[in-house]
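Colleague: Please find the sequence and the predicted model below.
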Amino acid sequence: MSDKTFSRKLAEFAADTSFSSLPEAIVHQARRCLLDTVGVIIAGSAMADSAQAIQGFVKKCAPAGKASVIGTLLKTDSAHAALANGVAAHALELDDGSKYATYHPGASMIPAALALAEERGATVEDVLLAIALGYEVSLRIGTSVNPSHYLKGFHPTGTVGTFGTTVVSASLLGLNADELVSAIGIVGSLASGINQYEIDGSFVKHLHPGNAARNGMFAALLAQNGFTGPEEILEGRLGFAHCFSDTFNPSILEKDLGEKWEFQKIYFKPYCSCRYVHYAVEAVENILRGHPMTMDDIQSIRVLTHKNAKQGSDIPDYQTVLHARLSLQYGMGSMIVRGRAGLQEYTEESIKDERVKKIASLIEIEADPEIQKTYPEIRTTIVEITDTDGQIFASRVDYAKGDPLNPMSDEDLMDKFRDVTQTVLTAGRQKKVMDWIMDEGTLTNPIQELTDMLLW
């Protein structure tokens, strides 16, 4: 075992794991991720300009096929459907994530699984297995290279996500371990996504998971047809970890593999903004609950947090809706001015609100060395609001809502699904989709039964 490469160990785990061997809790977690991501795709498809732009591209350029572009009547090949649905899944910043691997697995993994499964006539059981395996392998890879990988400027949702979608695709295509080793090696050269969008708030961030979904399929299909990739793609001298990160913790790649699941550690999002923003928004909520104040009562606001939040979300001069979703200043300002930071607060009109801009100008963000010591296990954010009388009111959030230590229940996720899809789906269709995904009796049903409900 010790002479095997890490990609081979991961490939053998994925190729040898059957649905019947999955723990019940892992199957249930896969259902939760499927429900959450389907809701997010529906919302993004209907509400996000970037999603509608990619749908227009697919309509013009993609061939007809069997895979659904959710929220439209388009059926195309699996690669283009996964591309479009991946963009929609990430467009509203509502998708699940990992604080350890520093990326959003559902936005690429589930579009890949749905599109390929629909095209190939796969069942719910096939999809849930593929989801569990794709999440687990990519979460381990992402954790092994972060936070350095992110801090170097890469967007792990695009880079790390490709490994997960390759495993998802390999599972649904029935690749053996040797083929999957090559597929992982191939996709390492396709892993892409950089964070320059943080500077100007451009759409390209949303492209990353869709591209990861498409590239994972491409790599798996190439390997199935005899194309080879380097076996030491992860740990090699010129491999992913060396080229994309300043630190590498290889032990996470194999420790307790198949026994303890990183998949259980993901978080779900209650707010439609960058995860770093959630901590600050909750802290503001806590302060206002105990000490109600208006914007005119505030002299200054200080935020102590970790390096990732400082780098990715210290955006006082937000320019676009995407920019605002990433901005700590905007999320906090909206909560102070409006008492809300939900979907309706992230529109072109809303981000022009001068009241929120005024609050944003009062906020200073600091990366705190003591907080950094516990990152990523505890991603503490401390907010201190000083009022015009010089009084300081503070709140500390260690585990934002949705973290496994502050979890969203199944009912919370269903409430979220109802909320984000209410302008698109009737209550009857919402219930039908939720019941179908969460019903243990649908395991042998074709996934097309679900995707047919998502076309209109």
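Modeller: Ah, there it is. Residues are numbered from 1 along each chain as shown.
Colleague: can you count the residues close to residue 196?
Modeller: Neighbourhood size, residue 196 [other C-beta atoms under 10 Å]: 11. For every residue, glycine as well, the C-beta is placed using N, CA and C.
Colleague: mind checking how far it is from residue 203?
Modeller: 12 Å (C-beta to C-beta, to the nearest Å).
Colleague: Tell me the buried residues in the helix ranked longest in the chain?
Modeller: If you go by DSSP state H, the chain has its longest helix at helix 24-47. Within helix 24-47, the residues scored as buried using 16 or more other C-beta atoms under 10 Å are 26-27, 29-47.
Colleague: and what of stretch 56-70?
Modeller: 58, 62, 65-70.
Colleague: tell me the pLDDT at residue 1?
Modeller: Looking at residue 1, its pLDDT stands at 42.
Colleague: Quick one: classify the residue of the chain most remote from its centre as helix, strand or coil.
Modeller: Residue farthest from the centre of the chain, counting by C-alpha atoms, centre = their mean, is residue 389 at 41.6 Å. Classification of residue 389 using DSSP: H, G, I helix; E, B strand; the rest coil returns coil.
Colleague: where does the chain dip in pLDDT?
Modeller: Applying pLDDT under 70 to the chain flags residues 1-2.
Colleague: Let me see the domain layout of it.
Modeller: What automatic domain parsing lists as the domains of the chain is 6-270+421-452, 275-397.
Colleague: where exactly do the helices run in the stretch 151-300 of the chain?
Modeller: Assigned by DSSP state H, counting those that start in this stretch, the stretch 151-300 of the chain shows helices spanning 156-173, 177-188, 197-200, 204-224, 240-244, 251-254, 275-290.
Colleague: Which elements pack onto the second one?
Modeller: Applying 3 or more C-beta pairs under 8 Å, 6 or more residues apart in numbering; DSSP states H and E, we find helix 177-188 packed against helix 6-16, helix 156-173, helix 204-224.
Colleague: okay, those helices, which one's buried deepest?
Modeller: Ranked by mean neighbour count, the helices and strands packed on helix 177-188 are led by helix 156-173 with a mean of 31 (mean count of other C-beta atoms under 10 Å).
Colleague: Could I get the contacting residues of the residue sitting nearest the centre point of the chain?
Modeller: The chain has residue 104 as the residue nearest its centroid, 2.0 Å off, counting by C-alpha atoms, centre = their mean. Contact partners of residue 104, counting by C-beta atoms under 8 Å, 6 or more residues apart in numbering, are 90, 95-98, 157, 161, 209.
Colleague: Distance check, it against residue 269.
Modeller: 9 Å.
Colleague: Repeat that for residue 326.
Modeller: In terms of C-beta to C-beta, residue 326 sits 13 Å off from residue 269.
Colleague: list residues touching both of those two?
Modeller: By C-beta under 8 Å, 6+ apart, residue 326 and residue 269 have these common neighbours: residue 93.
Colleague: element containing residue 384, please.
Modeller: Assigned by DSSP states H and E, residue 384 belongs to strand 381-387.
Colleague: Which residue is the nearest non-sequential neighbour of residue 72?
Modeller: The shortest distance from residue 72 to any non-neighbouring residue, by C-beta to C-beta, 6 or more residues apart in numbering, is to residue 55 (5.8 Å).
Colleague: got the CA coordinates for the one helix or strand the one you found maps to in PDB?
Modeller: Using DSSP H and E, residue 55 sits in helix 49-61. Only the C-alpha atoms of helix 49-61 are listed here, as PDB (Å, rounded to 0.1, in the frame of the first residue of the first chain):
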ATOM      1  CA  ASP A  49     -27.600  37.300 -15.400                       C
ATOM      2  CA  SER A  50     -24.600  35.000 -15.700                       C
ATOM      3  CA  ALA A  51     -26.800  31.900 -15.800                       C
ATOM      4  CA  GLN A  52     -28.900  33.400 -18.500                       C
ATOM      5  CA  ALA A  53     -25.900  34.400 -20.500                       C
ATOM      6  CA  ILE A  54     -24.600  30.800 -20.400                       C
ATOM      7  CA  GLN A  55     -28.000  29.500 -21.300                       C
ATOM      8  CA  GLY A  56     -27.900  31.700 -24.400                       C
ATOM      9  CA  PHE A  57     -24.500  30.400 -25.300                       C
ATOM     10  CA  VAL A  58     -25.700  26.800 -25.000                       C
ATOM     11  CA  LYS A  59     -28.800  27.500 -27.000                       C
ATOM     12  CA  LYS A  60     -26.700  28.900 -29.900                       C
ATOM     13  CA  CYS A  61     -23.700  26.600 -29.800                       C
END
